[in-house]
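# return atomic coordinates for the entry below.
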Amino acid sequence: MEPIQIAVIGAGKLGGYHANLAAKLPEFDLVAIADPWESSRNALASKTGAEPVANIAEVFDRIEAAVVATPTATHYAVVDRLLAAGKHVLVEKPITPTADAAARLVQTADKAGVTLQVGHVERFSPALVAAGDSLKNPRFIRSERTSGYTFRSTDIGAVLDLMIHDIDLVLSLAESEVVDVWATGLSVLGGHEDMVNARLTFANGCVADLTASRVSYELRRTMQVITDRGFTAVDFATGKATTVAPTDAVLRGEFNGDALSAERKAELFAGKMFEEVLVKAEHAAPAVNAIELELLDFARAIQTGTSPRVNGAAGRDAVAIAERVLRAIASQPGIAHQYRHAA
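Down below sits the predicted model:
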């Protein structure tokens, strides 16, 4: 099968990741790096062997697909132009700043018959692979995504920059309509919210508590999931998962702690509880490059005409919930907050 002629639009950090990987993958032929900043595009092009161009229009007739890694505020205009011209697109998250704009892109992609994929890269995390079926049918989800201030993605706040990852993940896990959103947040360094806590309640009874901060002294990318069958802790940074699974006797309601001898209680308290009653296990998947897997999924979707793992509709739905979170923050009295977004 012939390699897909592809360009990367945006020569920043994420664009660099995509370009360096696409240049090495046999599924792609990296044609160009497009960026208005000459020094940025030239530097990345020299590393990858691609042609540096100031505007993607210079190579429009030579590409089949593009990765869009530009500032969020520019996503709609760039992606819409590509889709309308029949180009397949992988756009970094969030797909657009608003759900209305995202919906228009989904319609354009459907009309053109091309692939529209959104870069919610955590869906390709080895930590999710390690967790396996233990995440199915969640009753409660808690996520924490915190980092220091990177001075990137300053055109959006912590909801669209960080929390959007976990919104997408919980939507994919809960598989139910969000019926209620509560949120609060603070703008610390100005312009947009930097710290956010949100609670999503789903029609099927699942509840998700999400925390995001880009002004934290701790780097955390974790999620805990409780189901009727046990507990799972996922660490996206390490790619590992920990499960705690009750024995069949516990699930049948046959465990009676009050009937145990003092000796047996002491034994369980000392550590046997998580070996014999609530069985704890550590799981690790092979180390992988999640962005590489994302690109390979993009290639598969293009070549087979099937949906990517995270299609435009999924990206649209995540932004729709993000907007509800932002509105909930804005409704909180006394919260220092500035809610901005562009169409």
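
# which stretches of the stretch 201-343 of the chain form strands?
Using DSSP state E, counting those that start in this stretch, the strands of the stretch 201-343 of the chain run over residues 207-213, 220-227, 230-235, 240-246, 278-284.

# so what's the gap between the fourth one and the chain middle?
On the basis of Cα atoms, centre = their mean, to the nearest Å, strand 240-246 sits 22 Å off its chain's mean C-alpha point.

# same question, the shortest one
Averaging C-alpha coordinates over strand 230-235 and over its chain gives two centres that are 18 Å apart (Cα atoms, centre = their mean).

# name the helices or strands packed onto it?
helix 126-131, strand 220-227, strand 240-246 (3 or more Cβ pairs under 8 Å, 6 or more residues apart in numbering; DSSP states H and E). The C-beta positions use only the backbone N, C-alpha and C, and glycine is treated the same way.

# give the pairing partners of that strand; include direction for each.
With DSSP bridges as the test, strand 230-235 is paired with strand 220-227 (antiparallel), strand 240-246 (antiparallel).

# give me the mean pLDDT for stretch 244-251.
When pLDDT is averaged along stretch 244-251, the result is 95.

# would you mark the buried spots in it?
By neighbour count on 16 or more other Cβ atoms under 10 Å, the buried set for stretch 244-251 is 244, 245, 246.

# kindly report the same for stretch 312-332.
312-326, 328-329.

# got the domain boundaries for this structure?
4-122+290-310, 124-288+323-330 (automatic domain parsing).

# start and end of the last one, how far apart?
Same thing as domain 124-288+323-330. 32 Å (Cα to Cα, to the nearest Å).

# can you check the shortest one too?
By Cα to Cα, the extent of domain 4-122+290-310 from end to end equals 19 Å.

# from what I can see residue 60 touches residue 86, true?
No - applying Cβ atoms under 8 Å, one finds residue 60 not in contact with residue 86, separated by 10.2 Å.

# quick one: which of these two has more around it?
Between residue 60 and residue 86, residue 60 has the larger neighbour count (other Cβ atoms under 10 Å), namely 16 against 10.

# apart from its neighbours in sequence, what residue is nearest the more buried one?
By the measure of Cβ to Cβ, 6 or more residues apart in numbering, the closest residue to residue 60 outside its immediate chain neighbours is residue 85, 6.5 Å from it.

# for that neighbour, grab the count of nearby residues.
For residue 85, using other Cβ under 10 Å, the count is 15.

# helices or strands up against the lowest-mean-pLDDT helix or strand in the chain?
Of all helical and strand segments in the chain, the minimum by mean pLDDT, DSSP states H and E falls on helix 126-131, at a mean of 90. Packing contacts for helix 126-131, counted by 3+ Cβ pairs under 8 Å, 6+ apart, involve strand 230-235, strand 240-246, strand 278-284.

# how about TSV for those strands, with distance to residue 181 added?
Below are those laid out as TSV (distance: least, Cβ to Cβ, whole Å):
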stretch	distance to residue 181
strand 230-235	23
strand 240-246	27
strand 278-284	32
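
# out of those, which is the most enclosed?
strand 230-235 (a mean of 20; mean count of other Cβ atoms under 10 Å).

# re earlier: relative to residue 98, which of the helices and strands packed on helix 126-131 is closest?
Among the helices and strands packed on helix 126-131, strand 230-235 comes nearest to residue 98, with 29.4 Å by Cβ to Cβ.

# strand 278-284 and the closest one, what's the angle between them?
30 degrees (axes from the mean of the first three to the mean of the last three Cα atoms, to 10 degrees).
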